[in-house]
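A.B. asks: Return a 3D structure for these sequence lines:
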Amino acid sequence: MENNEKLRFYLHTLGCKVNQYESQAIRESMLDAGFEESSSRESADVYVLNTCTVTENADRESRYMIGVFGRANPQAKIVVTGCYAEKDAQEIASLGGVSHIVKNADKNRIADLLKNSPTARRGPAGSGPVFRAAITGFKGHTKAFVKVQDGCENSCSYCKVPIVRGPLKSRPLDEIIGEVRGLVNNGFKEIVLTGICLGAWGREYCLPETAAGFGLSNASLIDVLSALDDVAGDFRIRLSSIEPKYVTDRMLDYINGNKRICRHLHIPLQSGDDEILRRMNRPYTSGAYMSLIRKARAAIGGLAVTTDVLIGFPGESEANFNNTINFIRELSPARTHIFTFSRRPGTAAYDMAGAVDPNTAKGRHRRLDGPALNASYLFSRSFLGKTLNVLVESAREGESGFLTGYTDNYIKVIFPGPDELMGRIVPVRITRTDPATTMGERAGA
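C.D. replies: Okay, the predicted model is just below:
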């Protein structure tokens, strides 16, 4: 691969915010190495596919994209990385046309692998750094994701993520602070802290032999939030998904007392039925979850609680599912992400008895959609006539042509205004809501 400063790469990402962050790190390392990013799929010399494996559909989409790349330019190299590549390299290799299969730990070495071993069938499995020193931007996003943690300490019976991401790994505070400072200096007004198990940041540093070297004792995510208080600039911080057990009284008090942190917590539920929660190996009951949310809402005014629900889990009866519907009606989340169970090799649920018929699962998905959408509407409607701060996206809403953006408590708002407001946080008064749209007008304009 000679004159690789002229080679063009096309990067495609599947999956979570962590993957999106890691793709930005790949992008910057490729650009640093002299590659050029292609604006079109057909003109690329190298394709980089950053995969997900959380569901069967994710695996299927990865295989589909490999085929798309191969047809777009049969002479191009195809690099497959990400979680699907961790345990299914042999399956990926059997598809043909893939030049490199790269483990998660070697994502930051993709440019070097392409430069130094152009004929290699795949990059070597390695144990390189999990984190790039710092990203400087976030292509295509008004807000920037910052990965602070990797790995998972939980053992949910349906989840393949701990298998492919491994044990907890917390990013050092100085790296986090430096990266956030650089992103804020480059104009980003919202920083989203993310990780595979975000709330577990620092847990491995609580051990006596590591705490001294790290400079912390009984470290927690609050230490990250506290350290970011020293970063100058007009920006806000949002937490991505955080498990219930990490939402402590101390964290709620800290968020309530810090105007920089968004009033939004995404706390996965998965099921509103205690029997299914037990089979999922989730470490709480539906009652404990509801108590936590009530406490969080009491502590933080205007808090948006969003959640995940997994339906069609093995053994889920009609009665179990009805408990989940009723729970969502009572919980009334600001947004509910609904997923259908997918059998993942290596997980405890893979061979569980009581498989739910796929058509039944699809029907339950549709039945849960109604209460979930109604809850979202009721949350938005509760702010009618109030003024909220909106981070304006860099593209207008397609149908109306209005500006669009999200409040700190995760309400999507559209409103009229000039292009110069894009990328800024502006006060917007909510003037109208319906089940599909929340409208506003710029306050004080």
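A.B. asks: okay, the strand or helix carrying Ile191 in CSV with CA atoms only?
C.D. replies: Assigning secondary structure by DSSP states H and E places Ile191 in strand 190-195. The C-alpha trace of strand 190-195 is given here as CSV (Å, rounded to 0.1, in the frame of the first residue of the first chain):
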residue,chain,number,x,y,z
GLU,A,190,-22.7,19.3,25.1
ILE,A,191,-20.4,16.5,26.3
VAL,A,192,-22.0,13.1,26.7
LEU,A,193,-20.1,10.9,29.1
THR,A,194,-20.3,7.3,28.0
GLY,A,195,-19.0,3.8,28.8
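A.B. asks: partners of that strand, with directions?
C.D. replies: Looking at strand 190-195 with DSSP bridges, its partner strands are strand 144-150 (parallel), strand 236-239 (parallel).
A.B. asks: With respect to burial, which of those strands scores highest?
C.D. replies: Relative to the other members of these, strand 144-150 carries the highest mean neighbour count by mean count of other C-beta atoms under 10 Å, namely a mean of 25. In this view, the C-beta of every residue, glycine as well, is placed from N, C-alpha and C.
A.B. asks: Using TSV, please lay out the strands paired with strand 190-195 together with mean pLDDT and distance to Gly354.
C.D. replies: Written out in TSV, the entries for the strands paired with strand 190-195 read as follows (pLDDT from 0 to 100; distance: least, C-beta to C-beta, whole Å):
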stretch	mean pLDDT	distance to Gly354
strand 144-150	97	33
strand 236-239	98	35
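A.B. asks: Pipe these into JSON lines and attach distance to Ala349 per row.
C.D. replies: Output for those, formatted as JSON lines (distance: least, C-beta to C-beta, whole Å):
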{"stretch": "strand 144-150", "distance to Ala349": "23"}
{"stretch": "strand 236-239", "distance to Ala349": "28"}
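A.B. asks: And the helices in the stretch 151-300 of the chain?
C.D. replies: Ranges of helices within the stretch 151-300 of the chain are 161-165, 173-185, 208-214, 221-228, 249-256, 274-280, 286-299, based on DSSP state H, counting those that start in this stretch.
A.B. asks: The strand holding Ile191: how far from the chain's middle?
C.D. replies: Taking C-alpha atoms, centre = their mean, to the nearest Å, one finds strand 190-195 lying 9 Å from the centre of the chain it belongs to.
A.B. asks: same check, this time on stretch 354-369
C.D. replies: The chain centroid and the centroid of stretch 354-369 are separated by 25 Å under C-alpha atoms, centre = their mean.
A.B. asks: Do me a favour and average the pLDDT over that stretch.
C.D. replies: The average pLDDT for stretch 354-369 rounds to 97.
A.B. asks: got it, and stretch 394-402?
C.D. replies: Mean per-residue pLDDT for stretch 394-402: 92.
A.B. asks: ok, and what's touching it?
C.D. replies: Counting by C-beta atoms under 8 Å, 6 or more residues apart in numbering, the neighbours of stretch 394-402 from elsewhere in the structure are Thr142, Leu403, Thr404, Ile414, Phe415, Pro416, Gly417, Met422, Gly423.
A.B. asks: Quick check on those: which are buried?
C.D. replies: For these, a neighbour count by 16 or more other C-beta atoms under 10 Å gives the buried set as Thr142, Leu403, Thr404, Ile414, Phe415, Gly417, Met422, Gly423.
A.B. asks: got a markdown table for these, with distance to Arg396 and secondary structure too?
C.D. replies: Shown next, in a markdown table, are these (distance: C-beta to C-beta, whole Å; DSSP: H, G, I helix; E, B strand; the rest coil):
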| residue | distance to Arg396 | secondary structure |
| --- | --- | --- |
| Thr142 | 12 | coil |
| Leu403 | 6 | strand |
| Thr404 | 7 | strand |
| Ile414 | 9 | strand |
| Phe415 | 11 | strand |
| Gly417 | 10 | coil |
| Met422 | 9 | coil |
| Gly423 | 13 | coil |
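A.B. asks: Next, give me the two most distant ones among those residues.
C.D. replies: Pairwise distances across the buried ones among the contacts of stretch 394-402 (C-beta to C-beta) peak at 16.3 Å, for the pair Ile414 and Gly423.
A.B. asks: the bottom helix or strand of this protein by mean pLDDT?
C.D. replies: helix 208-214 (a mean of 45; mean pLDDT, DSSP states H and E).
A.B. asks: from what I can see Arg344 touches Met352, true?
C.D. replies: No: checked against C-beta atoms under 8 Å, the pair Arg344 and Met352 is beyond contact range at 11.5 Å.
A.B. asks: Tell me which of those two has more neighbours.
C.D. replies: Taking Arg344 and Met352 together and counting by other C-beta atoms under 10 Å, Arg344 has the greater number of neighbours (23 against 16).
A.B. asks: that's a strand at that one, yeah?
C.D. replies: No: remark: Arg344 does not belong to a strand; assigned using DSSP: H, G, I helix; E, B strand; the rest coil, it is coil.
A.B. asks: buried set for stretch 191-211?
C.D. replies: Neighbour-count burial for stretch 191-211, with 16+ other C-beta under 10 Å as criterion, is recorded at 191-205, 211.
A.B. asks: Stretch 297-316 too?
C.D. replies: Within stretch 297-316, the residues that count as buried by 16+ other C-beta under 10 Å are 300, 302-314, 316.
A.B. asks: quick one: average confidence on it?
C.D. replies: Mean pLDDT, stretch 297-316: 98.
A.B. asks: Ends of it, what's the gap?
C.D. replies: 30 Å (C-alpha to C-alpha, to the nearest Å).
A.B. asks: repeat for stretch 103-113
C.D. replies: Here the two ends of stretch 103-113 are set 12 Å apart, with distance taken as C-alpha to C-alpha.
A.B. asks: try stretch 49-64
C.D. replies: Here stretch 49-64 reaches across 11 Å from its first residue to its last, counting by C-alpha to C-alpha.
A.B. asks: Run the chain-centre distance for it.
C.D. replies: For stretch 49-64, the gap between its own C-alpha mean and the chain's C-alpha mean amounts to 15 Å (C-alpha atoms, centre = their mean).
A.B. asks: Same check on stretch 94-108?
C.D. replies: Its chain's C-alpha centre lies 22 Å from the corresponding centre of stretch 94-108 when counted by C-alpha atoms, centre = their mean.
A.B. asks: just for the stretch 101-250 of the chain, where's the confidence low?
C.D. replies: Regions of the stretch 101-250 of the chain meeting the criterion pLDDT under 70 cover residues 117-133, 206-217.
A.B. asks: shouldn't Cys197 be in contact with Gly151?
C.D. replies: Yes: checked against C-beta under 8 Å, the pair Cys197 and Gly151 is within contact range at 6.7 Å.
A.B. asks: what's the overlap in contacts for the two?
C.D. replies: Joint contacts of Cys197 and Gly151 (C-beta under 8 Å, 6+ apart) are Leu168.
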